[in-house]
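Novice: What shape does this take:
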Amino acid sequence: MNMSMLLFSLTHLHTSASYIHTYMPSSTRLITLHSMGFSRCLNRTVGFFVFFILDIVDFLLCFTYRTLDFFFESEWKPCYCCPPPEAKQAAAGGNRGGKMIVSERTGEYSKVVSLTRTKIHLDEISDTLYSRPSLLAKLVKCFKKNAEECSDERSPSTKKKTLLTINSTVVEKLQRTPRWSDCHCTFCTSWLSSSSSSLFVNVQQPKDNKAQENVVFIHGFLSSSTFWTETLFPNFSDSAKSNYRFLAVDLLGYGKSPKPNDSLYTLKEHLEMIERSVISQFRLKTFHVVAHSLGCILALALAAKHPGAIKSLTLLAPPYYSVPKGVQPTQYVMRRMAPKEVWPPMAFAASVASWYEHLSRTVSLVLCKNHHLLEFLTKLLTRNRMRTYLIEGFLCHTHNASWHTLHNIIFGSGSKIEAYLDHVRDNVNCDVTVFHGGRDDLIPVECSYGVKRKVPRARIHIVPDKDHITIVVGRQKEFASELELIWHRSTTT
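Specialist: Modelled structure (predicted):
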């Protein structure tokens, strides 16, 4: 059993049990299995109470933010906690410019049908925005059901209808200016002073501007182009710097790129912005792609849309979950990535960010709005020995951007990424290489092996003792050399 397969087996309990059964004495094996079962049971039990408390806190924060939004912005701001109201003609007119989101509500689920002006279709909006079941919600639903039954006993019964409604949760966020809870610093709002609506692209090219090939770098969730420019760019060889043009993009809603409040940050919007700001702007006919985490979904979508332009595809920790038949893809991916567990810490953080709209907004309010203070304190405490580019990437975004990107792309891609991989396998003639940290607590190594099963020609590299970030950070020189070999191989074959 080689090291990569061993790391893969250790990511799951049943494969871990197989490993223990093979290599341990029977007494030690029994104790270990009991310990693992107890730990998992304890994690779930503690998690039940912790997340029930968080359900209540998020419920209270909903009313708090409604009040604060009205106080600071003189308008009630809708959220995804409430069911959409019935459609009214007045809501479609007025100053909304004919732009409205329509949803069809049946039972407890609400689905977006269309957005008339920008033509956002049904499958671009993840249902996880609306349906994030919680114990508190079930209790409230049960109470309402009992109240309705009591009411029906006193009044004639009426047949329930499927209502065509305007979903108040996502209608017309038209302000370009940051909301009161967003950061207003010059860095985060620099896009407002520009007449261009393009993404920010950090470009490094040969001094003679005669690059032979192009490389597009796409960062992950809660990150920015500095993830690449501060790690890889300085460590490429002189030969690579003289032959390649490197383009690291800040995705929509992150870094120095636009952060519009009227965007739902769908896959279509992200792709169109990359095409407009990178492919069209720099007139790229062919290019290599290097992508991390969330960026892997966009990279695969680009490859499916521009199959003849991709020279090589390098994916780091791709969030591909093979969805079982008969299971709702978006809900399945959300529960895999955010399992509502308190341990490990990364799983707990992912659960809070994914399940709680108002708690995650509070985190953004405290951290993102004060990112300059956090950078200053970090430099002060470390005596300026620690570079803060990761803080910049992690905190320079809006809650609207992170919340919708998480649900509409990472979770919403559950039903799409498999088709993208099939398209890459059958129609994209390029080198595919996948890197994954052996100790990645956020996205399991299984995801990369899933890519291998879908695209057999893909090369898988499991890096021992590295996690979701240190797959690059801390080994940037080594990874830069590995990328150069991939690009050279794809050019010569």
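
Novice: all contacts plus neighbour counts: C-alpha atoms, from now on.
Specialist: OK.

Novice: what about residue 409, how many neighbours?
Specialist: Burial of residue 409 is recorded as 24 neighbouring residues (other Cα atoms under 10 Å).

Novice: again with the one 10 residues further on
Specialist: Residue 419: 16 surrounding residues under other Cα under 10 Å.

Novice: Pretty sure it sits in a helix.
Specialist: Yes - assessed by DSSP: H, G, I helix; E, B strand; the rest coil, residue 419 belongs to a helix.

Novice: Please state the offset of stretch 328-338 from the chain centre?
Specialist: The chain centre lies 12 Å from the centre of stretch 328-338; the measure is Cα atoms, centre = their mean, to the nearest Å.

Novice: pLDDT on that stretch, on average?
Specialist: For stretch 328-338, the mean per-residue pLDDT is 94.

Novice: pLDDT weak spots in the chain?
Specialist: Low-confidence segments of the chain (pLDDT under 70): 1-36, 82-123, 135-176, 195, 384-387, 493.

Novice: which stretches of the stretch 101-250 of the chain form strands?
Specialist: Taking DSSP state E, counting those that start in this stretch, the strands of the stretch 101-250 of the chain run over residues 101-106, 109-115, 120-121, 163-166, 201-204, 213-218, 244-249.

Novice: Scan the protein for its longest helix.
Specialist: helix 26-73 (DSSP state H).

Novice: what packs against it?
Specialist: Taking 3 or more Cα pairs under 8 Å, 6 or more residues apart in numbering; DSSP states H and E as contact, the helices and strands that helix 26-73 lies on are helix 13-23, helix 135-154, helix 357-367.

Novice: Assumed residue 473 was part of a strand.
Specialist: No - counting by three-state DSSP, residue 473 is not part of a strand but coil.

Novice: wait, it sits on residue 230?
Specialist: No - assessed by Cα atoms under 8 Å, residue 473 is found out of contact with residue 230, at 9.3 Å.

Novice: which of the two has more neighbours?
Specialist: Using other Cα under 10 Å, the more surrounded residue of residue 473 and residue 230 is residue 473, with 18 against 15.

Novice: do you know how far the more buried one is from residue 226?
Specialist: Using Cα to Cα, to the nearest Å, we find residue 473 at a distance of 11 Å from residue 226.

Novice: Next: residue 284.
Specialist: Distance, residue 284 to residue 226, by Cα to Cα: 22 Å.

Novice: the more surrounded of these two?
Specialist: residue 226 (20 against 15).

Novice: Confirm for me that the more buried one is in contact with residue 391.
Specialist: No - contact criterion Cα under 8 Å: residue 226 and residue 391 do not qualify, at 10.0 Å.

Novice: what separates the spatially most central residue of the chain from residue 338, distance-wise?
Specialist: Geometric centre of the chain, nearest residue: residue 406, 3.6 Å, by Cα atoms, centre = their mean. Residue 406 is 11 Å from residue 338, where distance means Cα to Cα.

Novice: overlap in contacts of those two?
Specialist: residue 354 (Cα atoms under 8 Å, 6 or more residues apart in numbering).

Novice: Would you state the strands of the stretch 251-400 of the chain in chain order?
Specialist: With DSSP E, counting those that start in this stretch as the criterion, the stretch 251-400 of the chain has strands at 287-292, 310-316.

Novice: Partner strands of the last one, with direction?
Specialist: When pairs are called by DSSP bridges, strand 310-316 turns out to pair with strand 287-292 (parallel), strand 431-437 (parallel).

Novice: Same list (the ones you listed) but as CSV, adding mean neighbour count and distance to residue 184.
Specialist: As requested, the strands paired with strand 310-316 are arranged in CSV below (neighbours: other Cα atoms under 10 Å; distance: least, Cα to Cα, whole Å):
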stretch, mean neighbour count, distance to residue 184
strand 287-292, 24, 28
strand 431-437, 23, 36
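
Novice: Okay, buried residues for stretch 395-404 please.
Specialist: Neighbour counts over stretch 395-404 (16 or more other Cα atoms under 10 Å) mark 395, 396, 397, 398, 399, 400, 401, 402, 403, 404 as buried.

Novice: Spatially nearest residue to the third one (excluding sequence neighbours)?
Specialist: This means residue 397. Distance criterion Cα to Cα, 6 or more residues apart in numbering; nearest residue to residue 397, sequence neighbours excluded, is residue 254 at 4.8 Å.

Novice: Could you do the first one as well?
Specialist: Counting by Cα to Cα, 6+ apart, the nearest residue to residue 395 once its immediate chain neighbours are dropped is residue 368, at 4.7 Å.

Novice: And residue 274, how close does it get to residue 395?
Specialist: Distance from residue 274 to residue 395, by Cα to Cα: 21 Å.

Novice: on that earlier part again, for the residue nearest to residue 397, give its distance to residue 280.
Specialist: Distance from residue 254 to residue 280, by Cα to Cα: 20 Å.

Novice: Equivalent analysis for residue 372, please.
Specialist: Where residue 280 is concerned, residue 372 sits at a distance of 34 Å (Cα to Cα).

Novice: What lies in contact with stretch 327-338?
Specialist: 126-128, 321, 323, 347-348, 350-352, 354-355, 411-415, 442-443.

Novice: So which of those residues sit within helices?
Specialist: 347, 348, 350, 351, 352, 354, 355.

Novice: any chance of these in a markdown table, with neighbour count and distance to residue 191 too?
Specialist: Below are the ones in helices among the contacts of stretch 327-338 laid out as a markdown table (neighbours: other Cα atoms under 10 Å; distance: Cα to Cα, whole Å):
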| residue | neighbour count | distance to residue 191 |
| --- | --- | --- |
| 347 | 20 | 33 |
| 348 | 19 | 33 |
| 350 | 18 | 29 |
| 351 | 22 | 31 |
| 352 | 22 | 29 |
| 354 | 25 | 27 |
| 355 | 27 | 30 |
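
Novice: Export those residues as CSV, with columns for distance to residue 44.
Specialist: Below are the ones in helices among the contacts of stretch 327-338 laid out as CSV (distance: Cα to Cα, whole Å):
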residue, distance to residue 44
347, 12
348, 12
350, 16
351, 13
352, 15
354, 18
355, 16
